[in-house]
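Undergrad: Fold the following, please.
(one chain, ligands or ions: 1)
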Amino acid sequence: AHGSAETTPGPHDVEYLTTISIGTPPQNLSINIDTGSSDLWVFSAETTSSEVKGQTVYDPSLSSTAAQLQGATWQISYGDGSSSGGDVYLDRVALGGLTVAAQAVECARNVSGEFTADGSSDGLMGLGFGVINMVKPVRQKTFFENLQAGLDEAVFTADLKHGMPGRYNFGYVDSSAYTGDITYVPINSTDGYWGWTSPGYAVGSGAFKDEAIVGIADTGTTLLLLPSDIVADYYRQVDGAKYERNQGGYVFGCDVALPDFAFGVGHTAGGSPAMIKIPGKYVNYAPVGGSSTKCYGGIQSNDFIGASIFGDLALKAAFVVFDGGNMRIGWASK
Ligand SMILES: O=C(NNC1=NCCC1)c1ccc(Br)cc1
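TA: Residues are numbered from 1 along each chain as shown. Purely as a prediction, here's the structure:
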């Protein structure tokens, strides 16, 4: 089996939203597919009403195929400090023409302010590894893990785009969706993430710099978060760019010229790595609050996290294969 679903960017490509249907008759929700976590949770009929502002909720009592997972609860917090928690139902979940008959659907009883304020997202679908699923006492499998054995190929692919809809495919690699070759590198899933190491980077037309970047591929994080020395190196090439603590990162004039940023993938011994190039204009993330001339950079430091995060800013410059069958990740230009 294989399937395909369109995914639509929010403002400034802050997140990408994909429609899933839950239950019988189907209840359609718009969710954020997140390779940086492993819980499928949704706003629900049980969510504290003051914390629901415009979201569509899943109501298991209206689904003839819903069954509460007795005694199961969950609580999760994300890298950006947001959080949610609640209880668990098993129900059928469909996405892109694929269905899991008994998927753990984690129903929120409470959500943090970030989720309440985001009227576009009705929940998250984690496509990380089940080892970090947060359901207690028995952790649950992700949608992809439940599908995997029945897929033609044990893969899903992310084809996110700048300011326009992209696509998540499951069970196959669409050879018409990228250019050149896909370069695969092994992943380290010990922490439950799609962890991988880039051999280095280049700023604009500059030389490749051999500096290993240990990170994760995370569709649920908006920006590209890298070691502070690499980030400083990039913004040295941006006229007037500076680090502003009260803005929480590097800012620059919204009309400034921005160099491309390229990161390496794999490299044959002595050979040069494949490069994924992020166009400079993608690095202009958005005007900072209250200004129309000062803009916030899409490349920022990871110093509080430790690992680097190849978030949507990096992913939307590539066609990315999350290969669960071979525990590897593949990157291609497009
Ligand atoms: O939470 C993480 N990714 N997903 C999401 N962020 C915000 C909403 C969803 C995340 C995962 C790993 C590391 Br290391 C840092 C952050």
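
Undergrad: Run through the residues that contact Ser64.
TA: By Cβ atoms under 8 Å, 6 or more residues apart in numbering, the residues touching Ser64 are 23-24. C-betas here are computed from N, CA, C, even on glycine.

Undergrad: Quick check: the gap between it and the ligand.
TA: 31 Å (Cβ to the nearest ligand atom, to the nearest Å).

Undergrad: mind checking pLDDT for that residue?
TA: Ser64 carries a pLDDT value of 98.

Undergrad: Kindly indicate whether it is helix, strand or coil.
TA: Taking DSSP: H, G, I helix; E, B strand; the rest coil as the rule, one finds Ser64 in the coil state.

Undergrad: swap in Gly86?
TA: strand.

Undergrad: what's around it, how many residues?
TA: Residues lying near Gly86 (other Cβ atoms under 10 Å) number 23.

Undergrad: Tell me which residues touch the closest residue to it other than its chain neighbours, please.
TA: Excluding its sequence neighbours, the residue lying closest to Gly86 (Cβ to Cβ, 6 or more residues apart in numbering) is Arg109, at 3.9 Å. Applying Cβ under 8 Å, 6+ apart to Arg109 gives the contacts 44, 46-48, 85-87.

Undergrad: near the ligand, which residues of the stretch 151-300 of the chain show up?
TA: Taking Cβ under 6 Å from any ligand atom as the contact definition, the stretch 151-300 of the chain meets the ligand at 193, 216, 218, 220-221.

Undergrad: Please narrow the residues you listed to those residing in strands.
TA: Counting by DSSP state E, these place Ile216 in strands.

Undergrad: Quick one: the residues of the stretch 151-300 of the chain next to the ligand as CSV, columns for neighbour count and pLDDT too.
TA: Output for these, formatted as CSV (neighbours: other Cβ atoms under 10 Å; pLDDT from 0 to 100):
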residue, neighbour count, pLDDT
Tyr193, 23, 98
Ile216, 26, 98
Asp218, 25, 98
Gly220, 23, 98
Thr221, 24, 98
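
Undergrad: Can you tell me which of the residues of the stretch 151-300 of the chain next to the ligand comes closest to Pro137?
TA: Nearest to Pro137, judged by Cβ to Cβ, of those is Tyr193 at 23.4 Å.

Undergrad: show me the contacts for the residue nearest to the closest one when sequence neighbours are not counted.
TA: In space, and not counting its chain neighbours, Tyr193 is closest to Ile216: 4.1 Å by Cβ to Cβ, 6+ apart. For Ile216, the residues meeting the contact criterion (Cβ under 8 Å, 6+ apart) are 35-36, 191, 193-196, 307-310.

Undergrad: Roughly how far does the closest residue to the ligand within the stretch 201-334 of the chain sit from Gly81?
TA: Residue of the stretch 201-334 of the chain nearest the ligand, by Cβ to the nearest ligand atom: Gly220 (2.9 Å). Between Gly220 and Gly81 the computed distance is 13 Å (Cβ to Cβ, to the nearest Å).
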